[in-house]
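**Student:** Would you be able to build a 3D model of this:
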Amino acid sequence: MDARHFAISAKIPQFSNKNRTLVVQYSIKFEQDIECGGGYIKLMSGYVNQKKFSGDTPYSLMFGPDICGTQTKKLHLILSYQGQNYPIKKDLECETDKLTHVYTFILRPDASYSLLVDNRERETGSMYTDWDILPPRKIKDVHAKRPKDWDDREYIEDPNEVKPEGYDSIPKQIPDPKDKKPDTWDDDDDGIWKPRMISNPAYKGPWKRKRIKNPNYKGKWKTPWIDNPEFEDDPDLYVLKPLKYVGIEVWQVKAGSVFDNILICDDPEYARKVVEETVVANREAEKEAFEEAEKERKAREDREAQKGKDDGGRRRRRRRPRDWDDYHDEL
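**Tutor:** Numbering: from 1, shown residues only. Just a heads-up that it's a prediction; the model follows:
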């Protein structure tokens, strides 16, 4: 059913990622042009009343695509820390076609992460830098000032170069040596003849010393980074509350999305093999089936459009007045 809110959840064996890698993976297929709707999953901890599972239910992780029109093609990656949700700071884009795609999130004990789409790494980074969970380790020293003797001039004028003697006497223009006085020119009648003036090829403009590399160049000065006094490390930053439920809670303008192959484990290699043996192995067959279905859909739409034209033509002909014999009033 279109334009509906959907919510379903399932209890899973409790999973803790303390001192182990967390792998969250699933496949999603938008069989229709979804127009606007979510395709993400949620992992919940603690007790969840599944009969009341909704958008207000707290979660530990939210992961997956969210599409609305042509503007929003977002890939959500939200982590919960001490009861507060933190979205990733990076702008991640999801796939928008009608084929099956597998999204994989890997979170390691060193708080590094990888995000894969169809087994291809799309993003990588660290919870320390890509989420605003903890204050940054380093900050710019707002009290630092550029030293007075800091030389940031990459090039300088050559102090050893001397202006050539007579340089300033070189005229900007000179008489054209090729311009000859016409034979018919009469100085008495035409005035004193002067050749036209042309640019002097020897004139180089105002004299300037050539520029050379500055031996004292120190580069562009930058504000130095210092340890952030407000940073307090949490060695368990990566640890989510023990996961007990997986849920799908989305709004969709057009229904028909297929969620499948949901996997929660601690082995990235096993997750990779699952993708290879399922979605990747069937990718070509899926493409062929999709292209065939698209051909059939287009042919059906063309037939319906033609039928509409034919029916419209018949209706117009039925409404057309019959041909009547011409007649003339007799005078």
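**Student:** Helix, strand or coil: sort out residue 182 for me.
**Tutor:** On the three-state scheme (DSSP: H, G, I helix; E, B strand; the rest coil), residue 182 is labelled coil.
**Student:** so how far is residue 195 from it?
**Tutor:** Note on residue 182: its distance to residue 195, by Cβ to Cβ, to the nearest Å, is 11 Å. All C-beta spots, glycine's among them, are computed from the backbone N, C-alpha and C.
**Student:** Pick out whichever of the two has more residues nearby.
**Tutor:** Legend: neighbour count by other Cβ atoms under 10 Å for residue 182 and residue 195, higher for residue 195 (13 against 9).
**Student:** quick one, phi/psi of that one?
**Tutor:** Backbone torsions of residue 195, given as degrees, to the nearest 10, read phi -70, psi 150.
**Student:** do residue 275 as well
**Tutor:** Torsion angles, degrees, to the nearest 10, at residue 275: phi -60, psi -50.
**Student:** what about it, how many residues close to it?
**Tutor:** Neighbour tally, residue 275, other Cβ under 10 Å: 21.
**Student:** Residue 290 too?
**Tutor:** For residue 290, using other Cβ under 10 Å, the count is 16.
**Student:** Could you do residue 80 as well?
**Tutor:** Neighbours of residue 80 using other Cβ under 10 Å come to 19.
**Student:** what about it, which helix or strand?
**Tutor:** strand 72-81 (DSSP states H and E).
**Student:** Now residue 210: closest residue in space, sequence neighbours ignored.
**Tutor:** For residue 210, ignoring the flanking residues on the chain, the nearest one in space by Cβ to Cβ, 6 or more residues apart in numbering is residue 158 at 5.2 Å.
**Student:** And that neighbour, how close does it get to residue 23?
**Tutor:** In terms of Cβ to Cβ, residue 158 sits 63 Å off from residue 23.
**Student:** on that earlier part again, CA-only coordinates of the next helix or strand after the strand holding residue 80 in PDB, if you can.
**Tutor:** Following strand 72-81 in sequence order, the next helix or strand is strand 84-87 (DSSP H and E). The C-alpha trace of strand 84-87 is given here as PDB (Å, rounded to 0.1, in the frame of the first residue of the first chain):
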ATOM      1  CA  GLN A  84      22.000  10.700  22.300                       C
ATOM      2  CA  ASN A  85      21.900  10.100  18.600                       C
ATOM      3  CA  TYR A  86      24.800  11.400  16.500                       C
ATOM      4  CA  PRO A  87      24.600  11.400  12.700                       C
END
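**Student:** Give me the buried positions along strand 84-87.
**Tutor:** residue 86 (16 or more other Cβ atoms under 10 Å).
**Student:** do stretch 50-57 as well
**Tutor:** Applying a neighbour-count criterion of 16+ other Cβ under 10 Å, one finds 53, 57 buried in stretch 50-57.
**Student:** so what does the helix or strand harbouring residue 66 touch, helix or strand wise?
**Tutor:** Assigned by DSSP H and E, residue 66 belongs to strand 61-68. In terms of contacts (3 or more Cβ pairs under 8 Å, 6 or more residues apart in numbering; DSSP states H and E), strand 61-68 is packed against strand 22-30, strand 36-38, strand 41-45, strand 72-81, strand 100-107.
**Student:** Could you export the ones you listed as JSON lines, including mean pLDDT and distance to residue 305?
**Tutor:** Compiled in JSON lines, those are given as follows (pLDDT from 0 to 100; distance: least, Cβ to Cβ, whole Å):
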{"stretch": "strand 22-30", "mean pLDDT": "96", "distance to residue 305": "25"}
{"stretch": "strand 36-38", "mean pLDDT": "86", "distance to residue 305": "26"}
{"stretch": "strand 41-45", "mean pLDDT": "98", "distance to residue 305": "39"}
{"stretch": "strand 72-81", "mean pLDDT": "94", "distance to residue 305": "30"}
{"stretch": "strand 100-107", "mean pLDDT": "97", "distance to residue 305": "30"}
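**Student:** would a markdown table of those strands with distance to residue 219 be doable?
**Tutor:** Formatted as a markdown table, the helices and strands packed on strand 61-68 follow (distance: least, Cβ to Cβ, whole Å):
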| stretch | distance to residue 219 |
| --- | --- |
| strand 22-30 | 42 |
| strand 36-38 | 48 |
| strand 41-45 | 47 |
| strand 72-81 | 37 |
| strand 100-107 | 38 |
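**Student:** Of those, which is nearest residue 293?
**Tutor:** Between residue 293 and the helices and strands packed on strand 61-68, the tightest spacing by Cβ to Cβ is seen for strand 22-30, at 12.7 Å.
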